[in-house]
Structures are given as C-alpha cells and as structure tokens.
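> sharing a sequence plus its predicted fold:
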Amino acid sequence: MTTALAPSSALSAADRCDRCGAQAYVRVTLTSGGELLFCAHHGREHSEKLRDIAITIHDETGRLDATPTIAVDDER
C-alpha cells in the first residue's frame, strides 16, 4: 500500500494564526497528524522547533513582499 500527501491548498484571509489570530501565512503539518497555522511573525519565532516536529511546512510569507497590482481606470 502507498500513500501520498495531497498538496497544501493556498492559505486565505480566513486562515488565522493559532497563536494570535492574525492572518496565517504558514501551515505546519505535524508528525502527530495535526495541523497548525501561524502568522509570519510566529512562524519565524517558532520555526526551529517546528522543523523538528513537522512533516511539511507550507510557507507563504513571500506574499508579504509582493508588489500589489494596481488597476488602471480605462474610462479617463
């Protein structure tokens, strides 16, 4: 028998940090089978310990550095 992990879905604004309630940018799948969500700050703060107990770490903190797209009003 073989098993495969499904790829993590993208985090949305509805996903909240388990420590402080801010928007989550890091999803950690634990070896125990659970899952934790962290904001960028708490993800960085706990990253060393999380690496020891995680199967996967899905990190979207790079989205914070992305330049937002500005819509141009074509009706000028």
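Happy to help now that I have it.
> which stretches of this protein form helices?
40-45, 47-53 (DSSP state H).
> can I get those in a markdown table with mean neighbour count, mean pLDDT and distance to residue 61?
For the C-beta atoms, the positions are set from N, CA and C on the backbone; glycine is no exception. Shown next, in a markdown table, are the helices of the chain (neighbours: other CB atoms under 10 Å; pLDDT from 0 to 100; distance: least, CB to CB, whole Å):
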| stretch | mean neighbour count | mean pLDDT | distance to residue 61 |
| --- | --- | --- | --- |
| helix 40-45 | 17 | 97 | 4 |
| helix 47-53 | 11 | 95 | 10 |
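> spatially central residue for this structure, please.
residue 26 (2.4 Å; CA atoms, centre = their mean).
> ok so, going back, among the helices of the chain, which is nearest residue 69?
helix 40-45 (20.8 Å; CB to CB).
> give me every residue that touches residue 10.
Neighbouring residues of residue 10 by CB atoms under 8 Å, 6 or more residues apart in numbering: residue 60.
> for residue 53, that is, sorry about that
30, 31, 32.
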